[in-house]
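Chemist: Attaching a predicted model along with its sequence, questions to come.
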Amino acid sequence: MEHGLFVFVDLLGTFAFAISGALAAEQKRLDLFGVVAVGYLTACGGGIIRDLCLGSLPPVGISDWRYLATSVLASVLAMGARPIIDRLEHPVAFFDSLGLGFFAVAGAHKALVSGYNVEVAVVLGMVTAVGGGVARDVLLNRVPIILHKEIYALAALVGAALQAIGQSMEWRVAATPWCAVTVCVTIRLLALHYAWSLPIVRGKDVT
């Protein structure tokens with residue numbers, strides 16, 4: 001039951017990130033193949049990096065057909081339901097935030113069940129969450145969102161930490177991932193709404 005729950009969480013993250021990737025690709029006026037390809041890379045890029053770090057080969061994003069199918073379905077739905085999605089104020093950021101929460105939790109969980117400690121789980125949870133978005137932005141020739149001053153990786157770090165700590169302390173399996181996802185997504189959306197950002201480190205100019 002626990003394994004099935006986290007596969008479901010991982011697929012939800014795949015779905016959300018694929019939509020954000022497909023929407024971003026559409027904004028760049030890519031063709032159908034380009035939109036689906038960017039959607040897949042956004043959805044599975046972070047998980048592939050995580051699995052390579054864990055030595056879990058081949059990565060599930062490549063070996064499990066459900067991830068490809070989910071990303072393709074989400075990309076097609078993003079194109080077909082564009083009039084509805086456009087009603088959202090910032091659709092790419094919204095679905096990106098959802099994917100961030102789901103992947104932070106799924107990444108932390110997989111690191112722990114693979115035998116690694118809490119610290120590794122937190123880091124890989126964050127990497128899983130931000131990896132696909134970085135790959136998307138680089139491919140689309142955009143400044144990766146993780147390099148912006150707005151809160152992004154920090155939200156993923158908090159979500160991954162909650163999942164890793166809760167799982168190591170044997171909190172309720174049915175509740176912990178959803179609490180961690182909710183906290184991560186809430187932080188990210190509030191940061192977007194109120195323009196929260198981390199302080200900028202200002203040093204002396206070096207000539």
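Modeler: Right, received. Where do you want to start?

Chemist: Which strands and helices lie in contact with the helix or strand bottoming out on mean pLDDT in the chain?
Modeler: Across the helices and strands of the chain, mean confidence by mean pLDDT, DSSP states H and E is lowest for helix 82-85: a mean of 85. Contacts defined by 3 or more C-beta pairs under 8 Å, 6 or more residues apart in numbering; DSSP states H and E place helix 82-85 against helix 2-27. C-beta coordinates here come from the backbone N, C-alpha and C atoms, glycine included.

Chemist: Let's see that with 10 Å instead.
Modeler: Packing partners of helix 82-85 (3 or more C-beta pairs under 10 Å, 6 or more residues apart in numbering; DSSP states H and E): helix 2-27, helix 65-80, helix 91-113.

Chemist: How far away from the center of its chain is stretch 122-134?
Modeler: The chain centroid and the centroid of stretch 122-134 are separated by 6 Å under C-alpha atoms, centre = their mean, to the nearest Å.

Chemist: How about stretch 188-195?
Modeler: On C-alpha atoms, centre = their mean, the centre of stretch 188-195 falls 17 Å from the chain's centre.

Chemist: Which residues does that stretch contact?
Modeler: Residues from elsewhere that reach stretch 188-195 (C-beta atoms under 10 Å, 6 or more residues apart in numbering): 89-90, 93-94, 96-98, 100-101, 129, 149-152, 154-156, 158-159, 196-198.

Chemist: Figure out which of the helices and strands packed on helix 82-85 is closest to Ser56.
Modeler: With C-beta to C-beta, the closest approach to Ser56 among the helices and strands packed on helix 82-85 belongs to helix 91-113: 7.5 Å.

Chemist: related to what we said a few turns ago, mind checking the helices and strands packed on helix 82-85 for the one nearest to Tyr40?
Modeler: helix 65-80 (4.3 Å).

Chemist: if you average pLDDT over the closest one, what comes out?
Modeler: The average pLDDT for helix 65-80 rounds to 95.

Chemist: for the helix or strand Ala37 falls within, packing partners?
Modeler: Using DSSP states H and E, Ala37 sits within helix 32-54. When contacts are defined as 3+ C-beta pairs under 10 Å, 6+ apart, helix 32-54 packs onto helix 2-27, helix 60-63, helix 65-80, helix 91-113, helix 118-139.

Chemist: Packing partners of the shortest one?
Modeler: What that stands for is helix 60-63. Against helix 60-63 (3+ C-beta pairs under 10 Å, 6+ apart) you get helix 2-27, helix 32-54, helix 65-80.
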